[in-house]
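*Asks:* Sequence and predicted structure are below.
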Amino acid sequence: MPPDLATSPFFIAAVTLAIFGAILILAGIAALLRARLLRFSLRTLSGLLLLALGLATGMMAAGIQGYRALTHEEIAAHIVVRPAGRQRFEATFHFPNQRQAVFELAGDEIYIDAHILKWKPYANVLGLHTLYRLERVTGRYHGIAEEQSAPRTVYSLGQDTPVDLFSLRRRHLFLAPLFDVEYGSAAFVPVTQPARLELRVSTTGLLIRDTTPVSR
């Protein structure tokens with residue numbers, strides 16, 4: 001189990017709900033053995049409800065994995081781009097967790113998008129802040145005609161998770177009370193020469209800055 005999952009407030013709540021739910025179900029079975037049907041029904045239904053809530057909370061805990069907490073503008077990745085021919089370039093990503101990835105892209109610009117989740121104010125009290133997850137990188141062409149007909153290169157930047165919280169939020173309205181807003185954000189810049197870029201993310205979205213040292 002990932003360390004951050006074990007310390008997640010959602011995971012702790014899920015385990016707590018599951019334990020109380022199991023206790024109530026066992027108490028219901030004991031009441032049934034003593035032929036106390038009303039107590040059996042109430043305890044069993046309450047236990048099943050707590051187990052269901054625990055399962056939903058556990059899914060939230062799993063869905064958060066792969067997202068990074070965002071309390072201020074921060075660097076999501078350092079990127080080195082190098083042209084490799086006409087409308088071709090290489091992009092090397094250096095992530096804060098020391099992970100590195102290299103992509104061969106086609107197009108005139110590098111395009112990156114991400115998912116951003118914002119919590120309701122009362123969730124912030126529990127220590128849950130805006131979350132983001134980089135989703136994909138692709139090459140983008142200047143012209144619309146080329147976008148429609150030229151070769152496309154698209155790569156995933158996100159890591160697989162057992163639950164996709166972003167998609168889950170879109171499909172299920174019962175999660176609406178937890179999230180203030182959920183949206184996608186993207187940024188792109190031209191690649192005409194070797195350059196060092198800084199991909200930053202804030203609560204308002206993505207930003208790419210050119211940090212290439214200026215020649216004197």
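*Replies:* Nice, thanks for sending it over. Numbering: from 1, shown residues only.
*Asks:* gap between the lengthiest helix in the chain and the chain center?
*Replies:* Counting residues, the longest helix found in the chain (DSSP state H) is helix 37-64. From the chain centre to the centre of helix 37-64 is a distance of 26 Å (Cα atoms, centre = their mean, to the nearest Å).
*Asks:* Then stretch 143-156?
*Replies:* 25 Å.
*Asks:* What's the end-to-end length of that stretch?
*Replies:* Distance across stretch 143-156, first residue to last, is 24 Å (Cα to Cα, to the nearest Å).
*Asks:* Mark out where each domain of this protein begins and ends.
*Replies:* The chain breaks down into these domains under automatic domain parsing: 3-64, 69-210.
*Asks:* so can I have CSV of the ones you listed showing mean neighbour count and mean pLDDT?
*Replies:* The way it works is simple: take the backbone N, C-alpha and C, and place the C-beta from them, glycine included. As requested, the domains of the chain are arranged in CSV below (neighbours: other Cβ atoms under 10 Å; pLDDT from 0 to 100):
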stretch, mean neighbour count, mean pLDDT
domain 3-64, 16, 74
domain 69-210, 16, 83
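*Asks:* where exactly do the helices run in the protein?
*Replies:* Going by DSSP H, the chain shows helices at 3-6, 9-33, 37-64, 121-125, 144-149, 165-171.
*Asks:* Can I get stretch 35-50 in PDB, CA atoms only?
*Replies:* Output of stretch 35-50 as PDB, limited to C-alpha atoms (Å, rounded to 0.1, in the frame of the first residue of the first chain):
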ATOM      1  CA  ALA A  35     -34.900 -14.200  17.700                       C
ATOM      2  CA  ARG A  36     -34.900 -10.400  18.100                       C
ATOM      3  CA  LEU A  37     -36.000  -9.600  14.600                       C
ATOM      4  CA  LEU A  38     -36.400  -5.800  15.000                       C
ATOM      5  CA  ARG A  39     -32.800  -5.400  16.400                       C
ATOM      6  CA  PHE A  40     -31.500  -7.800  13.700                       C
ATOM      7  CA  SER A  41     -33.100  -5.600  10.900                       C
ATOM      8  CA  LEU A  42     -32.000  -2.300  12.400                       C
ATOM      9  CA  ARG A  43     -28.400  -3.400  13.100                       C
ATOM     10  CA  THR A  44     -28.000  -5.200   9.800                       C
ATOM     11  CA  LEU A  45     -29.300  -2.300   7.700                       C
ATOM     12  CA  SER A  46     -27.200   0.200   9.600                       C
ATOM     13  CA  GLY A  47     -24.100  -2.000   9.200                       C
ATOM     14  CA  LEU A  48     -24.700  -2.400   5.500                       C
ATOM     15  CA  LEU A  49     -25.100   1.400   5.200                       C
ATOM     16  CA  LEU A  50     -21.800   2.000   7.000                       C
END
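*Asks:* Name whatever forms a beta bridge with the nearest residue to Pro190 once chain neighbours are set aside.
*Replies:* Spatial nearest neighbour of Pro190, excluding adjacent residues (Cβ to Cβ, 6 or more residues apart in numbering): Glu109 at 5.0 Å. Under DSSP bridges, the beta-bridge partners of Glu109 are Arg140, Pro190.
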